[in-house]
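Undergrad: I need the structure of the sequence given here:
(2 chains)
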Amino acid sequence: MKDLMIRGADIVVKTLIEENAEIIFGYPGGAIMPVYDALYDYHDKIKHVLTRHEQGAIHAAQGYARVSGKVGVCLATSGPGATNLITGLADALIDSTPLVCITGQVAAHLLGTDAFQETDMVGISMPCTKWNIQVRSVEEIAPAIAKAFFIARSGRPGPVLIDITKNAQTDFGEFNYVPCLGFRSYQTKIEINKSDVQKAAEVIDAAERPYVLFGQGVVLGKAEAEFKAFLDKTGIPAASTLLGSGALSQDHPNFVGKLGMHGNYAPNMLTNQCDVLIAVGMRFDDRVTGDVKRYAKQAKIIHLELDPAEISKTVISHYSILGDCKDSLALLTEAVSKNSHPEWLEKFRELEREENAAVVQHDITPTKVGLTMGEVIHQVNQYKADDAVLVTDVGQHQMIAWRYFNYKKSRTQVTSGGLGTMGFALPAALGAQMFDFSRQVVCVVGDGGIQMTIQEFGTIMQTKAPVKVILLNNNYLGMVRQWQQMFFDKRYSFTELDNPDFVKIAEAYGIKSQKISERSDLNEAIEDMLIHDGPYFLEVVVEKEDNVFPMIATGCSVEEVRLS
Amino acid sequence: MKRYTIFVITENFIGILNRITIIFTRRGINIDALTASESRIEGIHRITIEVTASEETVVQLVNQIEKIIDVIKAFYHEDDGVVYQEIALYKIPVSKLDGGLEKIIRQHNAKIIAAEPDFVVLELSGHKEQTQELLEILKGYGLLEFARSGRVAVAKRMHTIDSYVK
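TA: Next up, the predicted model:
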């Protein structure tokens, strides 16, 4: 009997393997050492990537989860190791990224005694996890991990944390893995209400200027094909949120651009002119709606959404279809009549031409001396593969990269949307690349954000992940500076940066690097970077005080979107 | 702003109360009273929360509570949709117990539930207005200690907890 008993730490690793986890991003320490000891025996079955900081580990797990559609796994020790995960947990919760994070904890008999590296991780992580649990005995380990994976990936995905005391890891128990298939307090399968679909279809059929907004729900629901079929049949113009980008190829004739504060001109303007607004898998974030009191008041709003708490949370919907949009879109497509809206679509194209003349031309084919962020991304488009993943940080470069990157495939967009986490990009790009070395992963980052997690160059060095990092350096915390210019009377309070020699840093990590500041070098530099076999760091010195436009200033309505 | 009673039917899971209360904290909403106890089904707890807010806010709160993984069901009622009681205990020095006080106890339907050499404990169940009225009176009788529970309530609507627990 005794030989059937294995250590709790081995149960942790064996359960992860049963859950099809292929890779763990983590950082060892005292209270998680038994699990690390177990990993030593299973290194042929499950990979582990040693990041340089726990925040790097969780952002890497997020990047991995976002491109793979699988659950990202993250491992850290108790105390500071665990608390370093918090930013990533909050980020993953607001962006619906499935994660299972395992933290070590002091032995059960020491709980509550302020033992070395003890922290109340379950308490601290409660507001930023979908679910969490403390495991204090070996018997609880396998069921807790199985339940965690089920919760993380089902319904609206999100991060889950399991805090395992050290005694549970070192005690012996039987390995009895049973997958979790559901439990009574958590309903994941929502039957679509057919009469809701019928009502929505009637409203859509009667609409003269219907308009679709799509978010990450289409990606998370694996509903890209159903979504495209819906647009093909109805001919309705469609615009994406930040995280929805990629769910529909930008080549699709109905794609009209991107929504929100720094989105495109037409999609924002015409939100207040449509007669029916169909929101698919998006949550009306304030960066999308602007002033919600003046948002689409003329329109009948139809919301297709999986999370009941999102329906009428910020924008009241007149009709809603609760459930997985993969199911609801299919039913809705069946129920609507074939249609087209050429004149309405042309209104979008008209405004698009205005934006092109006022903004886009100046960004991608500038006449000014300094390089613009827009022309860099435009060049990336010329050379990138269709399924290239764009990973961005937070700020001006993020908005510009999103605006100009040509999204063609689903799961090519990795960025910190809801939380706006600076420092996200470099580790997230590493994680995205670890899923598939053969896929292009382009990481675009600013000179502020890169310095928040720059230590992850070390992980890129060690894993040889062929990430292509483009630093758009304007020696400013550019987005804050833009706001200071526009709304704070150009009082540039603590936004200018004295920066290190980034190329030297990257080279010190053995990463092939180049720095350019001339337009004439841009083309070749991008091409060199993308064909390079291995990680590459390209620093592009850009215009110091460029601004991102269009812009909907805080408190303004979507129709007050500014072109300059 | 109105007074609402929120019912939460939940698994008995460590930390569940914390998960519920942070939903209020995050939105800067004060919980007027809260009681938690095992329901008539073993392993399932029933939490009753009293809150003063607008209906839109209460709807959001209930939606967020119901989103908690271990919560089975949450719903809300206005005061006239529930039958509710609170219990109050009053500790009075024995020296103050005279004919006047006995009359007050009878008038308010309070009960003496404990008598010690130095003090007696009165109990009154009712709505807050009633327990408060007695409190104000007893302050004149050397009140030593006062404690009041949150409300326990049952809905007037005819359905049972079993319909949520499959």
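
Undergrad: okay, now whatever residue of chain B ends up closest to chain A: neighbour count?
TA: Closest to chain A within chain B is B:N63: 4.0 Å, counting by CB to the nearest CB. Any C-beta I mention is one placed from the backbone N, CA and C, and that applies to glycine too. Neighbourhood size, B:N63 [other CB atoms under 10 Å in any protein chain shown]: 18.

Undergrad: cool, and the one 5 residues further on?
TA: With neighbours defined by other CB under 10 Å, the count for B:I68 comes to 21.

Undergrad: got it, and A:E527?
TA: 13.

Undergrad: and if you look at A:I124?
TA: Residues near A:I124, counting by other CB under 10 Å: 18.

Undergrad: Quick check: it is in a helix.
TA: Yes: assessed with DSSP: H, G, I helix; E, B strand; the rest coil, A:I124 lies in a helix.

Undergrad: List the contacts of it.
TA: Neighbouring residues of A:I124 by CB atoms under 8 Å, 6 or more residues apart in numbering or on different chains: A:82-83, A:86.

Undergrad: And A:R209, by the same measure?
TA: A:270, A:273-276, A:341, A:344.

Undergrad: Buried among those? Need that as a selection in ChimeraX.
TA: To isolate the buried members of the contacts of A:R209 in ChimeraX, using 16 or more other CB atoms under 10 Å in any protein chain shown:
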select /A:270,274,275,276,341,344
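
Undergrad: Could you name the helices and strands sitting against the strand ranked longest in chain B?
TA: Longest strand in chain B by number of residues (criterion: DSSP state E): strand B:82-93. Under the contact criterion of 3 or more CB pairs under 8 Å, 6 or more residues apart in numbering or on different chains; DSSP states H and E, strand B:82-93 touches strand B:119-126, helix B:128-138, strand B:145-148, strand B:152-155.

Undergrad: Mean pLDDT, mean neighbour count and distance to A:E496 for those - can I get that in TSV?
TA: Output for the helices and strands packed on strand B:82-93, formatted as TSV (pLDDT from 0 to 100; neighbours: other CB atoms under 10 Å in any protein chain shown; distance: least, CB to CB, whole Å):
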stretch	mean pLDDT	mean neighbour count	distance to A:E496
strand B:119-126	97	18	66
helix B:128-138	96	16	59
strand B:145-148	97	13	59
strand B:152-155	92	17	60
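
Undergrad: Number of residues surrounding the residue nearest to A:E118 when sequence neighbours are not counted?
TA: Distances taken as CB to CB, 6 or more residues apart in numbering or on different chains place A:V106 nearest to A:E118, at 4.5 Å, with adjacent residues excluded. Counted by other CB under 10 Å, the residues lying close to A:V106 total 22.

Undergrad: which residues sit in contact with A:V106?
TA: Applying CB under 8 Å, 6+ apart, the residues near A:V106 are A:31, A:78, A:115-118, A:165-166.

Undergrad: which of those tops the neighbour count?
TA: Ranking the contacts of A:V106 using other CB under 10 Å puts A:A31 first, with 28 neighbours.

Undergrad: Alongside chain A, which residues does chain B contribute?
TA: B:10-11, B:14-15, B:18-19, B:22, B:26, B:60, B:63-64, B:66-67, B:69-72, B:165-166 (CB under 8 Å from any CB of the partner chain).

Undergrad: Inside strands: which ones of those residues?
TA: Those of the residues of chain B next to chain A lying in strands (DSSP E): B:10-11, B:71-72.

Undergrad: By neighbour count, sort out the buried ones in those.
TA: Looks like those have B:10-11, B:71-72 buried, using 16+ other CB under 10 Å.

Undergrad: Among the residues you listed, which pair sits farthest apart?
TA: B:E11 and B:V71 (7.7 Å; CB to CB).

Undergrad: list the contacts for the residue of chain A found nearest chain B?
TA: Going by CB to the nearest CB, chain B is nearest to A:A309 of chain A, at 4.0 Å. Listed by CB under 8 Å, 6+ apart, the contact set of A:A309 reads B:60, B:63-64, B:66-67.

Undergrad: now do 7 Å
TA: B:63-64, B:67 (CB atoms under 7 Å, 6 or more residues apart in numbering or on different chains).

Undergrad: same thing with A:E375?
TA: Counting by CB under 7 Å, 6+ apart, A:E375 has contacts A:363-366, A:522.

Undergrad: tell me which element it falls in.
TA: helix A:373-383 (DSSP states H and E).

Undergrad: Report all helices and strands that the helix ranked longest in chain B contacts.
TA: Counting by DSSP state H, the longest helix found in chain B is helix B:55-67. Applying 3 or more CB pairs under 7 Å, 6 or more residues apart in numbering or on different chains; DSSP states H and E, one finds that helix B:55-67 contacts strand B:2-11, helix B:16-26, strand B:71-78.

Undergrad: A:M551 versus A:Q250, what's the distance?
TA: For A:Q250, the distance to A:M551 equals 21 Å [CB to CB, to the nearest Å].

Undergrad: neighbour-wise, which of these two wins?
TA: A:M551 (23 against 15).

Undergrad: Do you know the pLDDT at that one?
TA: pLDDT, A:M551: 97.

Undergrad: measure the residue nearest to it when sequence neighbours are not counted to A:V548 for me?
TA: Among residues not flanking A:M551 along the chain, A:R562 sits closest, at 5.2 Å (CB to CB, 6+ apart). Distance from A:R562 to A:V548, counting by CB to CB: 11 Å.

Undergrad: who has more neighbours, those two?
TA: Using other CB under 10 Å, the more surrounded residue of A:R562 and A:V548 is A:V548, with 21 against 14.

Undergrad: hang on, the earlier thing: any residues in contact with both of B:E11 and B:V71?
TA: Common neighbours of B:E11 and B:V71 (CB under 7 Å, 6+ apart) are A:S185.

Undergrad: Please report phi then psi for the closest residue to A:F502 other than its chain neighbours.
TA: In this structure, A:F502 finds its nearest non-sequential neighbour in A:E539, 5.1 Å apart by CB to CB, 6+ apart. Note on A:E539: its backbone torsions stand at phi -100, psi 130 [degrees, to the nearest 10].

Undergrad: low-scoring stretches of the chain, by residue?
TA: In the absence of a named chain, chain A is used. A:1-3 (pLDDT under 70).

Undergrad: look at chain B instead
TA: For chain B, the ranges with pLDDT under 70 are B:166.

Undergrad: can you do 90?
TA: B:97-99, B:157-166 (pLDDT under 90).

Undergrad: possible to save the contacts of A:R209 as a markdown table with distance to A:K326?
TA: Output for the contacts of A:R209, formatted as a markdown table (distance: CB to CB, whole Å):
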| residue | distance to A:K326 |
| --- | --- |
| A:L270 | 27 |
| A:Q273 | 30 |
| A:C274 | 24 |
| A:D275 | 27 |
| A:V276 | 22 |
| A:H341 | 24 |
| A:W344 | 27 |
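
Undergrad: rewinding a little: chain center to the helix holding A:E375: distance?
TA: Distance of helix A:373-383 from the chain centroid (CA atoms, centre = their mean, to the nearest Å) equals 21 Å.

Undergrad: re earlier: elements contacting the helix or strand following the longest strand of chain B?
TA: Later in the chain than strand B:82-93, the nearest helix or strand by DSSP H and E is helix B:99-107. For helix B:99-107, there is no helix or strand it packs on, judged by 3+ CB pairs under 7 Å, 6+ apart.

Undergrad: Please enumerate residues in contact with helix B:99-107?
TA: B:112, B:122, B:137, B:141.

Undergrad: separation between the nearest residue to the residue of chain A closest to chain B once chain neighbours are set aside and B:E56?
TA: Using CB to CB, 6+ apart and skipping residues adjacent in sequence, the residue nearest A:A309 is B:N63, 4.0 Å away. Distance of B:N63 to B:E56, computed by CB to CB: 11 Å.

Undergrad: B:L124 now?
TA: On the measure of CB to CB, B:L124 and B:E56 end up 35 Å apart.

Undergrad: quick revisit: quick one: which of the helices and strands packed on strand B:82-93 is nearest A:I192?
TA: strand B:152-155 (29.1 Å).

Undergrad: re the thing from before, of the residues of chain B next to chain A, just the buried ones, PyMOL syntax please.
TA: Selection of buried members from those for PyMOL, criterion 16+ other CB under 10 Å:
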select buried, chain B and resi 10+11+19+60+63+64+66+67+69+70+71+72+165
